[in-house]
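J.: Pasting a predicted model and its sequence here:
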There are 2 protein chains.
Amino acid sequence: MAERVRIDGLQYSNWSRAIFEEMRTAGLDAVHVTAAYWESARELMANIGAWHRRFEAHADLIMPIRTAADIDRAKASGRTGIILGLQNCSPIEDSIDLISVFKQLDVHIMQLSYNNQSLLCSGYLEDDDSGLSRFGREAIREMNRVGMVVDTSHTAERSTLEAIEYSSRPTVVSHANPQSARDTPRNKSERVMRALAESGGLMGFSCYPFHLPARSDTTLEAFTEMVARAVDVMGASHLAIGTDLCQDQPIEVLSWMRNGHWARVMDYGEGSADQPDWPAPLGWLRGTADFPNIEQGLEKRGFSSPEVDALIGGNWRRFLDGALQPQG
Amino acid sequence: MAERVRIDGLQYSNWSRAIFEEMRTAGLDAVHVTAAYWESARELMANIGAWHRRFEAHADLIMPIRTAADIDRAKASGRTGIILGLQNCSPIEDSIDLISVFKQLDVHIMQLSYNNQSLLCSGYLEDDDSGLSRFGREAIREMNRVGMVVDTSHTAERSTLEAIEYSSRPTVVSHANPQSARDTPRNKSERVMRALAESGGLMGFSCYPFHLPARSDTTLEAFTEMVARAVDVMGASHLAIGTDLCQDQPIEVLSWMRNGHWARVMDYGEGSADQPDWPAPLGWLRGTADFPNIEQGLEKRGFSSPEVDALIGGNWRRFLDGALQPQG
């Protein structure tokens, strides 16, 4: 039996050597990190440049991921592979050509929208959702061609279903939970979950308290119970982890994530004027170093060893093996 | 009686001294010119810079319009006032703050979308239309505040109706025709026309052949008949002219207008693979110099002198008097 591969399908932390050391403590072989929420092409290039400096300064702890095989190389060398991804299509601006350009810069996953309507489709906080736009269909076709994974985590329901249907390659919801666990439009309906599984896609469980049954008070047992119910719907081979950890981030970053540059009045997103700050962290996931608690929780819940293998990283590893290759 | 004011509510020509001389020949006191279709903020700034050079080089023929009173000054000095406007919201990118910045740069009219879905709403070539987005509502509120006119010429039906409803100030359709004259989604339904009139807005008749009953073969009589029928619906005080003249533009500009940067395959817009080029010009409007033919056609059709005054520029002049002022 191959050694267990551990992958966190979404983090956006205030990157530091301390966090990269925590990734090693946790035995994480790869982490999908967010390189943009609202950024323009130029701003994403600056963020990629900052990653170049991190790869250089912390070459003993992290390395960039270009192909799925790089995850194995990261594991073999005792490092954590960094998969760059976007939580919005804003960096491609209005240009279909920027998809292959950013793929060449190792941006391998892109959400079609963040919370708001994008040029490609709708976001989950919009009142209504008209599905994929003309540019949205073009963009998915191009992402399919170059091997950039379509992610619909923050995308509204109809847009998500249309993306799953329109994409010729499987798509992901890198970080969200079943609406049955917490009924918020940010989580996914059983209809989306089934469509995702049927198309060969993947959904990663989020540990962001606003997506969980009892928010910050959600126990590890409640989390693994949610996993078990989702496995009943999608099967263990289409589920994974995407913690959505935003470690060491100040409230200013949260405000920026929610407001970008589009609003003149404060938008509190999943929070409220009474509770504008980050939610309190889960007791069993205060930071990246606690990632093994999820694995232990799954084992304790009674998942088989191959099931835990799959959920904790094997599914992501297998998925990326196909997904990151350009089309022949 | 005040002297007749002549305003063309939309042109996008390959600007030259020859065209500015034609504007003078036609006695045009003001022209609303398109400064962007798909441009970014930076690209629009370059286009505005090019207008600065034109205002300097052709100061005997044209002058920039900042307030409606500037139109009177242009007229008094025998020049044509240039009103800068946008056929898309692309130049504000994702930033609410760029609305006041571009207003300060004398951009006074902005379409909420061109043909495609924008960050603000939907365009008329999309399959479906979910109305105003969250950013769309914010943008309209800000445009209302600073005195930038909301234009929905290329915007889809529901988005247009929601914009009329949401905007606290009257909006315009600078260049489109009634769908009753030619049934294309680019033209406007009677429902939109009535909502526009009831809200104090304005619709300018387009002379772009694809918007006209018999395309390039449309006679001046058929055009003025269309005007008469629209007056029955909206009243003469809510209608105007927006010729949509694209004089001396090469086919490359048409392709760019249709495709922007968003498509890898050619999109022919209102044309087709068989007929990718500009439509043949109308016999009675080969260029800006022919603008007086419209006025004469309206007189011949039997409109009263005050009605012709209103249609040929008086309505635009009165509308802009209120619309260009920042909110108190």
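T.: Yep, that arrived. Numbers count the residues shown, from 1 in each chain, chains lettered A, B, ... in the order given.
J.: Next, the buried residues of the helix or strand of chain A with the lowest mean pLDDT.
T.: Ranking every helix and strand in chain A by mean pLDDT, DSSP states H and E puts helix A:251-259 at the bottom, with a mean of 91. Buried residues in helix A:251-259, counted by 16 or more other CB atoms under 10 Å in any protein chain shown: A:Val253, A:Leu254, A:Ser255, A:Met257, A:Arg258, A:Asn259. Where C-beta positions appear, they are placed from N, C-alpha and C, glycine not excepted.
J.: now do stretch A:125-144
T.: A:125-126, A:129-144.
J.: One more: stretch A:226-244?
T.: A:226-227, A:230-231, A:233-234, A:236-244.
J.: go on, stretch A:201-220?
T.: Buried residues in stretch A:201-220, defined by neighbour count with 16+ other CB under 10 Å: A:201-213, A:218, A:220.
J.: among the buried residues of stretch A:125-144, which are in strands?
T.: Judged by DSSP state E, those include no members of strands.
J.: from the residues you listed, which are also near chain B?
T.: A:Leu125, A:Glu126, A:Asp129, A:Ser130, A:Gly131, A:Ser133, A:Arg134, A:Phe135, A:Gly136, A:Glu138, A:Arg141, A:Glu142 (CB under 8 Å from any CB of the partner chain).
J.: before we move on, the earlier item: looking at the buried residues of stretch A:201-220, which two lie furthest apart in space?
T.: Across those, the longest distance by CB to CB is 25.8 Å; it joins A:Gly201 and A:Leu220.
J.: ok, is whichever strand or helix holds A:Arg53 in contact with chain B or not?
T.: Using DSSP states H and E, A:Arg53 sits within helix A:41-57. No - with CB under 8 Å from any CB as the measure, helix A:41-57 is seen stopping short of chain B, the closest distance being 9.3 Å.
J.: I'd like to know which elements that helix is packed against.
T.: strand A:30-36, strand A:62-64, strand A:80-86 (3 or more CB pairs under 8 Å, 6 or more residues apart in numbering or on different chains; DSSP states H and E).
J.: Identify each buried residue in that helix, please.
T.: Buried positions in helix A:41-57, judged by neighbour count with 16+ other CB under 10 Å: A:Ala41, A:Leu44, A:Met45, A:Asn47, A:Ile48, A:Trp51, A:Arg54.
J.: Now render these as JSON lines, adding pLDDT and distance to A:Ala74.
T.: Converted to JSON lines, these look like this (pLDDT from 0 to 100; distance: CB to CB, whole Å):
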{"residue": "A:Ala41", "pLDDT": "97", "distance to A:Ala74": "28"}
{"residue": "A:Leu44", "pLDDT": "97", "distance to A:Ala74": "23"}
{"residue": "A:Met45", "pLDDT": "97", "distance to A:Ala74": "24"}
{"residue": "A:Asn47", "pLDDT": "97", "distance to A:Ala74": "21"}
{"residue": "A:Ile48", "pLDDT": "97", "distance to A:Ala74": "19"}
{"residue": "A:Trp51", "pLDDT": "98", "distance to A:Ala74": "15"}
{"residue": "A:Arg54", "pLDDT": "98", "distance to A:Ala74": "14"}
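J.: Quickly name whichever of those is closest to chain B.
T.: In terms of CB to the nearest CB, no member of the buried residues of helix A:41-57 lies closer to chain B than A:Ala41, at 9.3 Å.
J.: From start to finish, how long is stretch A:259-270 in a straight line?
T.: End-to-end distance for stretch A:259-270, by CA to CA, to the nearest Å: 12 Å.
J.: tell me which residues in it are buried?
T.: By neighbour count on 16+ other CB under 10 Å, the buried set for stretch A:259-270 is A:Asn259, A:Gly260, A:His261, A:Trp262, A:Ala263, A:Asp267, A:Gly269, A:Glu270.
J.: returning to that earlier point: next structured bit after the least confident helix or strand of chain A?
T.: Helix A:251-259 is succeeded, C-terminally, by helix A:291-300 (DSSP H and E).
J.: same for that following helix, what does it pack against?
T.: When contacts are defined as 3+ CB pairs under 8 Å, 6+ apart, helix A:291-300 sits against helix A:220-234, helix A:305-309.
J.: Now with 10 Å, please.
T.: Under the contact criterion of 3 or more CB pairs under 10 Å, 6 or more residues apart in numbering or on different chains; DSSP states H and E, helix A:291-300 touches strand A:7-11, helix A:17-25, helix A:220-234, strand A:239-241, helix A:305-309.
J.: relative orientation of that helix and helix A:17-25 in degrees?
T.: Comparing the axes of helix A:291-300 and helix A:17-25 via axes from the mean of the first three to the mean of the last three CA atoms, to 10 degrees yields an angle of 30 degrees.
J.: Quick one: neighbours of A:Pro250, just the number.
T.: Neighbour count of A:Pro250, defined by other CB atoms under 10 Å in any protein chain shown: 11.
J.: What sits closest to it if chain neighbours are left out?
T.: A:Asn14 (7.6 Å; CB to CB, 6 or more residues apart in numbering or on different chains).
J.: Kindly indicate whether the one you found is helix, strand or coil.
T.: Secondary structure, DSSP: H, G, I helix; E, B strand; the rest coil: A:Asn14 is coil.
J.: near chain B, which residues of the stretch 101-250 of chain A show up?
T.: Counting by CB under 10 Å from any CB of the partner chain, the stretch 101-250 of chain A comes close to chain B at A:115-123, A:125-139, A:141-142, A:145, A:156, A:158-159.
J.: As a check, name the ranges of all strands in the stretch 101-250 of chain A.
T.: With DSSP state E, counting those that start in this stretch as the criterion, the stretch 101-250 of chain A has strands at A:107-111, A:149-151, A:172-173, A:202-205, A:239-241.
J.: Pull the contacting residues for A:Pro292.
T.: A:Pro292 makes contacts with A:Arg6, A:Thr25, A:Ala26, A:Gly27, A:Leu28, A:Ile312, as judged by CB atoms under 10 Å, 6 or more residues apart in numbering or on different chains.
J.: returning to what we had before: so which of the buried residues of stretch A:201-220 is the closest to chain B?
T.: The nearest member of the buried residues of stretch A:201-220 to chain B, counting by CB to the nearest CB, is A:Phe210 at 18.3 Å.
J.: can you tell me how far that closest one sits from A:Ser153?
T.: 13 Å (CB to CB, to the nearest Å).
J.: Show me the common contact partners of these two, please.
T.: With CB under 10 Å, 6+ apart as the test, A:Phe210 and A:Ser153 both reach A:Arg186, A:Asn187, A:Asp244.
J.: surely the first one meets A:Pro178?
T.: It refers to A:Arg186. No - with contact defined as CB atoms under 10 Å, A:Arg186 does not count as touching A:Pro178 (11.5 Å).
J.: list residues touching both of these two?
T.: Listed as contacting both A:Arg186 and A:Pro178 by CB under 10 Å, 6+ apart are A:His211.
J.: can you pull up the bridge partners for the nearest residue to A:Ala30 once chain neighbours are set aside?
T.: Nearest residue to A:Ala30, sequence neighbours excluded (CB to CB, 6+ apart): A:Gly81, at 3.9 Å. For A:Gly81, the beta-bridge partners are A:Ala30, A:Met63 (DSSP bridges).
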